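Undergrad: Need a 3D model of the sequence below.
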Amino acid sequence: MRIVLRGARVIDSGQGLDDVCDVSISGDLIEGVGRDLPLDGADVRDCRGMILTPGLIDGHVHVYEDVGFTGIDPDILGVGSAVTTVVDAGSAGAASFAGLRRYVMSRARTNVLAFLHVATNKMGMGLHEYGSERAIDEGAIERVVEANRDKILGLKLRANVWHGDPAKHPILRARAVAENLRLPLMVHIGHRPEDGEGEAAPIRDVVKMLRPGDIVTHLFTAHPGGLLDAGGQLQPDVREAYAAGLRFDVGHGLYNMSFDTAARVLDQGIEPHSISTDGHKMARRRLVYDLPTTMAKMLNLGFSLPQLVRKATYETAASLGRPDLVHGIAAGRPALLSVLQLRDDEWLAEDSTGKKMPAQQRLVPVLSVRGSQITEAQPAEI
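TA: Numbers count the residues shown, from 1 in each chain. Below you'll find the model as predicted:
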């Protein structure tokens, strides 16, 4: 079956594309890209007035469905939101990853990948992962990663309260095993009072423990442990780590997106490399909803649509160490595509602190394309 996506604005910085054209698909490959492609015998999808991009990647979600209180069906945040790849960020540890692979990844229409949590018994989302030094089993992590290299992209942990030996801080231990495995490490920053007594690891200490290519998620958090000091200035060493190649991710979530923090961080020259939702069951119902909505909020913070598309495709793939996840929109390439609609629509974008910001445009998911599999999106009710 030949498919033609007709008349969309095609945005693909990797191919130097930002133009209105047709994209034809045959089997699992893109057959052609151009104006007025032949329509005879094709399944024609009218995409005029829409945006067509390389397949979007949501690099921070929680999709261990029915494990913990928050895991969600990956196809809701994935193909149902015009996203072709989602990355579970630490819902499973070494002892529980097999279930994530068997019961979630294998059944999803979305491409589901993962960061493995360093806490061995991690299941779903939760706090107090590092109750003792025995909570991390480096040998088990290495065994599970080596058996699942096709699905595990890196390791994940929180820069949470730690009362043990500083020389055995979980970040240091995670970094050591990540180095052995040649994988990036993703670290959650921002410490809510509900996360337990004590203080989060100061960001200056966190960035010193990380390597270029590692990922800090929740860069716009307003909670202690974030990028800014009490005066709204970047904490020491953040700028140097950013310049040296540390990667920064939005990780919106219910608790870690502050418009005020975002404005101050952006004004001081730090911007996210990747845009992600930290989406899960509860975040689907309010505040976050899906990746296109998070992208629309970033539009209102001053980014252009082509910038956001690049960050949600090529730059996210680079952070994940998997540039092959984005093939680009060109003849002969695998057909991994997202279709969105940019609507002129006044709405109130809300952050995690309750602040509401008037917005003039909304991004709505329309279709996801994975070869001949086309899925009509089911936009969240906002």
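
Undergrad: May I have the distance across stretch 237-252, first residue to last?
TA: From its first residue to its last, stretch 237-252 covers 23 Å (CA to CA, to the nearest Å).

Undergrad: any idea how far Arg2 is from Val20?
TA: Remark: distance between Arg2 and Val20 (CB to CB, to the nearest Å) = 21 Å. Placement of C-beta: from N, CA and C, glycine included.

Undergrad: Low-confidence ranges, this structure, go.
TA: The chain contains residues with pLDDT under 70 at 124-128, 131, 163, 195-198.

Undergrad: let's see 50
TA: Within the chain, no range satisfies pLDDT under 50.

Undergrad: Quick check, central residue of it?
TA: Gly59 (2.3 Å; CA atoms, centre = their mean).

Undergrad: correct me, but that one touches Arg322?
TA: No - counting by CB atoms under 8 Å, Gly59 sits too far from Arg322 to count as a contact (10.0 Å).

Undergrad: Which strand residues bridge the residue nearest to Cys47 when sequence neighbours are not counted?
TA: Spatially, and ignoring its direct neighbours in sequence, Cys47 is nearest to Ala8 (3.7 Å; CB to CB, 6 or more residues apart in numbering). For Ala8, the beta-bridge partners are Cys21 (DSSP bridges).

Undergrad: cool, the one 4 residues further on as well?
TA: Per DSSP bridges, the residues bridged to Asp12 are Leu17.

Undergrad: could you measure it against Arg211, distance?
TA: Distance of Asp12 to Arg211, computed by CB to CB: 30 Å.

Undergrad: Could you do Asp43 as well?
TA: In terms of CB to CB, Asp43 sits 47 Å off from Arg211.

Undergrad: what does Pro236 give?
TA: Distance, Pro236 to Arg211, by CB to CB: 18 Å.

Undergrad: Then Asp205?
TA: Separation of Asp205 from Arg211 (CB to CB): 14 Å.

Undergrad: who has more neighbours, those two?
TA: Asp205 (17 against 14; other CB atoms under 10 Å).

Undergrad: Report the contact partners of the more buried one.
TA: Residues in contact with Asp205 (CB atoms under 8 Å, 6 or more residues apart in numbering): none are found.

Undergrad: in what helix or strand does it lie?
TA: For Asp205, the host element (DSSP states H and E) is helix 203-209.

Undergrad: Compute the first-to-last residue distance for stretch 225-233.
TA: End-to-end span of stretch 225-233 (CA to CA): 13 Å.

Undergrad: So the residue nearest to the centre of the chain belongs to a strand, correct?
TA: Yes - judged by DSSP: H, G, I helix; E, B strand; the rest coil, Gly59 forms part of a strand.

Undergrad: buried ones in the helix or strand harbouring Leu342?
TA: For Leu342, the enclosing helix or strand under DSSP H and E is strand 336-350. When burial is assessed from 16 or more other CB atoms under 10 Å, strand 336-350 yields the following buried residues: 336-342, 347, 349-350.

Undergrad: same question, stretch 353-361
TA: Ala359.

Undergrad: which residues touch it?
TA: 222, 258-260, 296-297, 299-300, 342-351.

Undergrad: And Ala42, how far from Val118?
TA: Ala42 sits 49 Å away from Val118, going by CB to CB.

Undergrad: and what of Ile76?
TA: Ile76 is 27 Å from Val118, by CB to CB.

Undergrad: So between those two, which is more surrounded?
TA: Between Ile76 and Val118, Val118 has the larger neighbour count (other CB under 10 Å), namely 29 against 21.

Undergrad: Surely that one touches Gly154?
TA: No - judged on CB under 8 Å, Val118 makes no contact with Gly154 at a distance of 10.4 Å.

Undergrad: longest helix in this structure, by residue count?
TA: helix 170-181 (DSSP state H).

Undergrad: Next secondary structure after that one?
TA: strand 185-188.

Undergrad: and that following strand, what does it pack onto?
TA: Judged by 3 or more CB pairs under 8 Å, 6 or more residues apart in numbering; DSSP states H and E, the packing partners of strand 185-188 are strand 152-158, helix 170-181, strand 215-217.

Undergrad: for those, which one sits closest to Ile374?
TA: Each of these has some distance to Ile374 by CB to CB; the shortest is strand 152-158, at 26.2 Å.

Undergrad: What pairs with that closest one, parallel or antiparallel?
TA: Counting by DSSP bridges, strand 152-158 is paired with strand 111-117 (parallel), strand 185-188 (parallel).

Undergrad: Mean neighbour count, the ones you listed: which tops it?
TA: strand 185-188 (a mean of 27; mean count of other CB atoms under 10 Å).

Undergrad: where does Met282 fall, phi/psi-wise?
TA: Here is the backbone geometry of Met282 (degrees, to the nearest 10): phi -70, psi -40.

Undergrad: Also Arg134?
TA: Backbone torsions for Arg134, taken as degrees, to the nearest 10, come to phi -80, psi -10.

Undergrad: how much space between it and His117?
TA: Taken as CB to CB, the span from Arg134 to His117 is 15 Å.

Undergrad: which residues touch Ala312?
TA: Ala312 is in contact with 53, 56-58, 274-275, 291, 295, counting by CB under 8 Å, 6+ apart.

Undergrad: In helices only, show me those residues.
TA: Using DSSP H, the members of the contacts of Ala312 that fall within helices are 291, 295.

Undergrad: Now the two most distant members of the contacts of Ala312.
TA: Pairwise over these, using CB to CB, the maximum falls at Thr53 and Ser274, 14.7 Å.
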